[in-house]
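Colleague: pasting a predicted model and its sequence here:
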Amino acid sequence: MTQMITYQEIKTKFEENKQKLVLAVCFLLVFVIGFGTGRYEREVNINREKIQNQQANYITKSSVSTTADSNKKDEPQAPTQVLGASADKLCPVKGNMTSKIYHVPGGAFYNTLKSPRCFNTEAEAVAAGFRKSSR
């Protein structure tokens, strides 16, 4: 046979353990807030790293000018348009003229472009109005 617990018994038990219950509720609140804050900080750090990586892609060695580079102004530059099989060696960054997307070595479509527009750096491609391939 089951016993019924009365309202008065519940009230008495609550009054006896009121301090323990308040502490337990406070602990749970602190835990939930701390857990949520940690997840939020993780997302912020991941987004911050993504932005830094994207910015690092636009800064290349050839885009930073030095005094030694200023003496090399009269040297011939690599061609900006290369066709054929030798394009891989002479074309570090390939741009698709139709889609205005540029590809870097190791990218999914880097080796499949038929008549790419070639750039020496990613910064040149961006300056020409191209955007980086997502793959």
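Modeller: Cool, got the structure. Numbers count the residues shown, from 1 in each chain.
Colleague: end to end, how far does stretch 107-114 reach?
Modeller: In stretch 107-114, first residue to last residue: 15 Å (Cα to Cα, to the nearest Å).
Colleague: same check on stretch 111-118?
Modeller: Stretch 111-118: ends 13 Å apart by Cα to Cα.
Colleague: do you know the pLDDT at the residue nearest to the spatial centre of the chain?
Modeller: When Cα atoms, centre = their mean is applied to the chain, the residue found nearest the centroid is residue 50 (2.2 Å). On the pLDDT scale, residue 50 is placed at 80.
Colleague: so it, which state does it fall into?
Modeller: Assigned by DSSP: H, G, I helix; E, B strand; the rest coil, the conformation of residue 50 is helix.
Colleague: how far away is the nearest residue to residue 113 once chain neighbours are set aside from residue 50?
Modeller: Spatially, and ignoring its direct neighbours in sequence, residue 113 is nearest to residue 94 (5.1 Å; Cβ to Cβ, 6 or more residues apart in numbering). All C-beta atoms are positioned from the backbone trio N, CA, C, and that covers glycine. Look at residue 94 and residue 50: by Cβ to Cβ, to the nearest Å, they are 24 Å apart.
Colleague: do residue 38 as well
Modeller: Relative to residue 50, residue 38 is positioned 19 Å away (Cβ to Cβ).
Colleague: ok, which stretches of this structure are strands?
Modeller: 93-96, 101-103, 117-119, 131-132 (DSSP state E).
Colleague: tell me which of those sits nearest to residue 20.
Modeller: Closest to residue 20 of the strands of the chain is strand 131-132 (Cβ to Cβ; 58.4 Å).
Colleague: give the contact list for residue 104.
Modeller: Residue 104 makes contact with 92, 93, 110, 122, 132, 133, according to Cβ atoms under 8 Å, 6 or more residues apart in numbering.
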